[in-house]
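# Have a look at this prediction, sequence included:
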Amino acid sequence: MDNLLLMMAPLFSSKLLLVLFFGTLFGLILGVLPGLGPTTGGALILPFTMTLDPLSAIVLLTSIYCAGTYGGAITAVLINTPGTPAAAATCLDGYPLAQKGEAGRALGMATVSSTVGGIFSVIILVFFAPILAQLAYEFGQPEYFALAIFGLTMLASIGEGSPIKNLIAGAFGILISTVGKDFMTSIDRFTFGINELTEGIGFIPVVVGLFAMSEMLTQSTLINQVFNRIALKAIKLPSKDDYKKTWKTILRSSGIGSFIGVLPAEGGTVASLIGYSEAKRFSKNPEEFGKGSIEGIAGAEAANNAATGGAMVPTLALGIPGSATTAVILTGLIIHGVRPGPDLFREQPDFLYGIFGAMLIANVLFFIFGFFGAKIFARITLVPNKILWPMIFAVSVCGTYSLNQSIIDVWIMLFFGVLGFFMRRYGFSVVPVIIGLILGELVEGTLRQSLVIFDGNWLMFFTRPIALTFFILSLIALAFPLIRAKKIKK
Amino acid sequence: MKNVQKQKRANKSLPFFFRDEFKVSFVIIFISFALLITTFTFDIVPPILNRGIQPATFPKALLVLIIVMTLLIYYLATKNPWKVQKKLPKSFFLTLLSFFIFVVISKTLDFFLAISALSIFVSYYWGEKRIFYLLLVGIIFPVIVFVFFETILGLRFPPGIITNIYYS
């Protein structure tokens, strides 16, 4: 009961309501614009959150996350381009349905299933995050090390693209975290005599560079791209018949999305693809998929929004991000001095339940904004890249500079922008770099402290049951792509 | 699908050192190797202070892991070549050049001027020829961002020919 009251707290705070309002609105705009989305948008807004208290800052980021994930569907349906990667599966049926003159129906279903998926996942978050946090009390340094390794191997295995390339990117992220003074001995590593590097490479220049600047370079290669837009008259709530057809799909995809979200992988993108393929597998009319199936839209959209709450579970309970955007939210928590993990649940329940409540409200808010404003948001896609991206550049540069008032940070951001572009071009995902960077200190710190406890004996890791379980799970995760590849060959 | 196979065949017909998989693997291994050598220059902690492993051990292990995995992707690519990437357009190189110009101007002249110059340059080469919009992205918007950061976030921008006028 107390927790329920704590969840309602944002409703009684005008400041938090205002933050939620702007976060949801901003998230929708970001979701609608192809190439931006909640991860890049979260990274851009991160420096601005320094003016807010920690709860308002995280509420802003989570509302951007929820609304941005939904916003991608508007672009997917109307211009056949996913506003966010998580909306890629929505294009498959959303656009064909819009071509048949039923854009309003497609967006209505996307809005309803996204909201149901989002609310479902917040309920999962409220119930499971405290349980996971309770379990984490059993964890010592070796268990945390094994957990972080499991997180990285899961990312390689389930994430998009080549698993080995994902592992290389993750290892590179961890390597970046070693730049600067060694936290145990204060010895300089990879500083090359540059004073600014002794404090290490900050999260924000890397995040903004890899997401925003690399996207700017990607957009520079697409300036002649022409989109076929479908006009939207009005959004329509699904009919009784549509509800009958899709309620099972929405619930199934909500469950799938929440589960995939909990796993440390690429969250919504993977969730929506699995949600879509499962919707097709269970459908009575699988032949309609790809031609404008309403079930296809429901399956993909419920799953990608359900992944938002799911991905917050390991982020808050263990400090292990469940997706790219939660990695940005985790960065926000760290720079605001909030340490995620079991202690957060014991010491700051008001903070935590405030976030849960805010996510719930954000899901309702984007339903209202989406339903009444989809037509306006659809017009945002008309802003040409030649105007939009120079503006994003100005905000990125000032935002990155603002954190430490260091011009070196801006150059680091540009460097990572160029690097991120080439990484994406050759099939290396940038998400593992961010997650590796965030987990880097945890991986190295827990490894070294464990070795101190074990007196340098590596084999002692395997005498700890929880750590051993995570290592076995990591091996299974690494073997999974091989098994999948063999199955596809057969 | 046919297109991808065509692109893969095109890649296979190139000498190995022109193929993307070789170039990418070579760059990763070269940089990793250079960094690996650097780790041997890290200070060594005396045994009495050193609990666990030396500060260089962890980065060394990571770099070796990266090199091994890169060799593995190269080996796999010899069996299943990567598809040939399209040539990068002129607009990409101009955007890249604008990043470089930004660094030079922000270091030598002025931070605000650098943002302004890049915005106008990028917007123009991406196809915007209307003066009002060029002024919007190059001057009006950067001024709004500058004033916002300066007044609301209390940020002080680095000195330069324009910022000095503003601050004085």
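Sure, I can see it. Residues are numbered from 1 along each chain as shown, chains lettered A, B, ... in the order given.
# Where does the prediction get shaky in chain B?
Applying pLDDT under 70 to chain B flags the ranges B:1-18, B:48-51.
# residue boundaries of the helices in it?
B:2-12, B:20-39, B:57-79, B:90-108, B:111-125, B:131-135, B:141-147, B:161-167 (DSSP state H).
# could I get those as JSON lines with mean neighbour count?
Where C-beta positions appear, they are placed from N, C-alpha and C, glycine not excepted. As requested, those are exported to JSON lines (neighbours: other C-beta atoms under 10 Å in any protein chain shown):
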{"stretch": "helix B:2-12", "mean neighbour count": "12"}
{"stretch": "helix B:20-39", "mean neighbour count": "16"}
{"stretch": "helix B:57-79", "mean neighbour count": "17"}
{"stretch": "helix B:90-108", "mean neighbour count": "17"}
{"stretch": "helix B:111-125", "mean neighbour count": "23"}
{"stretch": "helix B:131-135", "mean neighbour count": "13"}
{"stretch": "helix B:141-147", "mean neighbour count": "18"}
{"stretch": "helix B:161-167", "mean neighbour count": "13"}
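# okay if I get those helices as CSV plus distance to chain A?
Listed next are the helices of chain B as CSV, based on distance: least, C-beta to the nearest C-beta, whole Å:
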stretch, distance to chain A
helix B:2-12, 12
helix B:20-39, 5
helix B:57-79, 5
helix B:90-108, 4
helix B:111-125, 4
helix B:131-135, 6
helix B:141-147, 5
helix B:161-167, 12
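# Same list (these) but as a markdown table, adding distance to A:Leu344.
Shown next, in a markdown table, are those (distance: least, C-beta to C-beta, whole Å):
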| stretch | distance to A:Leu344 |
| --- | --- |
| helix B:2-12 | 47 |
| helix B:20-39 | 35 |
| helix B:57-79 | 27 |
| helix B:90-108 | 39 |
| helix B:111-125 | 38 |
| helix B:131-135 | 47 |
| helix B:141-147 | 34 |
| helix B:161-167 | 41 |
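# and of those helices, who's closest to A:Leu147?
Shortest distance between A:Leu147 and the helices of chain B, using C-beta to C-beta, is found for helix B:57-79: 17.6 Å.
# for that closest one, the distance to its chain's centre please.
Centre-to-centre, helix B:57-79 and its host chain are 21 Å apart (C-alpha atoms, centre = their mean, to the nearest Å).
# Compute the inter-axis angle for that helix and helix B:20-39.
Angle, helix B:57-79 to helix B:20-39, by axes from the mean of the first three to the mean of the last three C-alpha atoms, to 10 degrees: 160 degrees.
# Output the contacting helices and strands for helix B:57-79.
For helix B:57-79, the contact count by 3 or more C-beta pairs under 8 Å, 6 or more residues apart in numbering or on different chains; DSSP states H and E identifies helix A:163-177, helix A:431-453, helix B:20-39 as packing neighbours.
# And the ones you listed: which comes nearest B:Ile53?
helix A:431-453 (5.9 Å).
# Next, the angle from the closest one to helix B:57-79.
Using the same axes, to 10 degrees: helix A:431-453 against helix B:57-79 is 140 degrees.
# quick revisit: and the helices and strands packed on helix B:57-79 as CSV, adding distance to A:Ile64?
Compiled in CSV, the helices and strands packed on helix B:57-79 are given as follows (distance: least, C-beta to C-beta, whole Å):
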stretch, distance to A:Ile64
helix A:163-177, 23
helix A:431-453, 16
helix B:20-39, 34
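# now for those helices, which one comes closest to A:Ile204?
So among the helices and strands packed on helix B:57-79, helix A:431-453 is nearest, using C-beta to C-beta, at 11.0 Å.
# Quick one: residues in contact with the helix or strand following that closest one.
Next in sequence after helix A:431-453, counting helices and strands by DSSP states H and E, comes helix A:465-489. Identification of contacts with helix A:465-489 by C-beta atoms under 8 Å, 6 or more residues apart in numbering or on different chains yields A:138-139, A:142-143, A:145-147, A:149-150, A:153-154, A:156-158, A:163, A:461-462.
# Then stretch B:60-80?
A:162, A:164-165, A:167-168, A:171-172, A:174-175, A:178, B:8, B:19, B:21-22, B:25, B:28-29, B:32-33, B:35-36, B:39.
# With only the CA atoms kept, save that stretch in PDB.
The C-alpha trace of stretch B:60-80 is given here as PDB (Å, rounded to 0.1, in the frame of the first residue of the first chain):
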ATOM      1  CA  LYS B  60      46.400  -6.600 -22.000                       C
ATOM      2  CA  ALA B  61      43.900  -9.400 -21.700                       C
ATOM      3  CA  LEU B  62      41.200  -7.300 -23.400                       C
ATOM      4  CA  LEU B  63      43.500  -6.400 -26.300                       C
ATOM      5  CA  VAL B  64      44.600 -10.000 -26.800                       C
ATOM      6  CA  LEU B  65      40.900 -11.000 -26.800                       C
ATOM      7  CA  ILE B  66      40.100  -8.300 -29.400                       C
ATOM      8  CA  ILE B  67      43.000  -9.400 -31.600                       C
ATOM      9  CA  VAL B  68      42.000 -13.100 -31.400                       C
ATOM     10  CA  MET B  69      38.300 -12.300 -32.100                       C
ATOM     11  CA  THR B  70      39.300 -10.100 -35.100                       C
ATOM     12  CA  LEU B  71      41.400 -12.900 -36.500                       C
ATOM     13  CA  LEU B  72      38.400 -15.100 -36.100                       C
ATOM     14  CA  ILE B  73      36.100 -12.700 -38.000                       C
ATOM     15  CA  TYR B  74      38.700 -12.400 -40.700                       C
ATOM     16  CA  TYR B  75      38.900 -16.200 -41.000                       C
ATOM     17  CA  LEU B  76      35.100 -16.500 -41.100                       C
ATOM     18  CA  ALA B  77      35.000 -13.700 -43.800                       C
ATOM     19  CA  THR B  78      37.400 -15.700 -46.000                       C
ATOM     20  CA  LYS B  79      34.700 -18.400 -46.200                       C
ATOM     21  CA  ASN B  80      31.700 -16.000 -46.300                       C
END
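# I'd like to know how many residues surround A:Lys476.
Small correction: residue A:476 is Ile, not Lys. 14 (other C-beta atoms under 10 Å in any protein chain shown).
# Distance of it relative to chain B?
19 Å (C-beta to the nearest C-beta, to the nearest Å).
# And that residue, what's its pLDDT?
For A:Ile476, the pLDDT comes out at 86.
# likewise the one 4 residues further on?
The score at A:Phe480 is 75. That number is its pLDDT.
# Also A:Lys489?
Confidence score, pLDDT, at A:Lys489: 64.
# what residue ranges in the stretch 1-150 of chain A score low on pLDDT?
The low-confidence ranges in the stretch 1-150 of chain A, as defined by pLDDT under 70, are A:1-7, A:9-11, A:35.
# Show me the contacts of helix A:465-489 that map onto strands.
Judged by DSSP state E, those include no members of strands.
# Got a ChimeraX select line for the buried ones in the residues you listed?
Applied in ChimeraX, the following selects the buried portion of the contacts of helix A:465-489 according to 16 or more other C-beta atoms under 10 Å in any protein chain shown:
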select /A:139,142,143,145,146,147,149,150,153,154,156,157,158,163,461
